[in-house]
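Chemist: Give the three-dimensional model of this entry:
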Amino acid sequence: MSDVMVGGDPFMVQGTEAVKHCAKKTGASCAGLVAVGGKDMEVRGNSSEDRVEFRLYSFETDKQAGAVMKSLADTERKSSAEYGEPSEPVTVASGADEIDAFQDDATAVTVMRIGTVVAHVYTTEIKPSDLEHVATVQVQRVKTVAAGKNPGY
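Modeler: Okay, here's the model as predicted:
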């Protein structure tokens, strides 16, 4: 994605700080959380608001990840409705074990479970085809790391 997007350094937190971040963002207790990481990116050379935020929440079990995935999707939908822009479901074929994707006028959200990892992809001012692309890239990267390989930067 670096040919189209540019962003800051990735971050990762563990322990109490990670649990607090997870609970605040997802509305869940985040039992079994191992770590939280992420990166924000913007379209290269574009002065618009085209932006993608990636967050990964790693858990001990698939069940824990699934529960947080559902809570995060519900929290994001409620947030959209509070701003008067109810979200509509969208279909995103990403290769995730579970997925929930929706958009409103300016933002699109994809929440996925890939094994024990919850991937949250939040985009602004992005085309549906680009949303599917970034979601697919995220799933591929998580699966590559889970297989013990370097996803390449």
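Chemist: Would you mind confirming that Met69 makes contact with Thr110?
Modeler: No: Met69 is beyond contact range of Thr110, at 10.8 Å (criterion: C-beta atoms under 8 Å). The way it works is simple: take the backbone N, C-alpha and C, and place the C-beta from them, glycine included.
Chemist: Return the list of helices and strands in contact with the biggest strand by length in the chain.
Modeler: Longest strand in the chain by number of residues, with DSSP state E as the criterion: strand 33-43. Counting contacts by 3 or more C-beta pairs under 8 Å, 6 or more residues apart in numbering; DSSP states H and E, strand 33-43 packs against strand 5-7, strand 11-14, helix 15-26, strand 51-59.
Chemist: any idea which element Met112 lies in?
Modeler: strand 107-114 (DSSP states H and E).
Chemist: got the contact list for that strand?
Modeler: Applying C-beta atoms under 8 Å, 6 or more residues apart in numbering, the set of residues contacting strand 107-114 from outside is 62, 65-66, 69, 72-73, 76, 80, 87, 90, 92, 94, 96-103, 118-124, 126, 128, 131, 134-135, 138-139, 142-143, 146.
Chemist: Among these, name the ones in helices.
Modeler: 62, 65-66, 69, 72-73, 76, 80, 128, 131, 134-135, 138-139, 142-143, 146 (DSSP state H).
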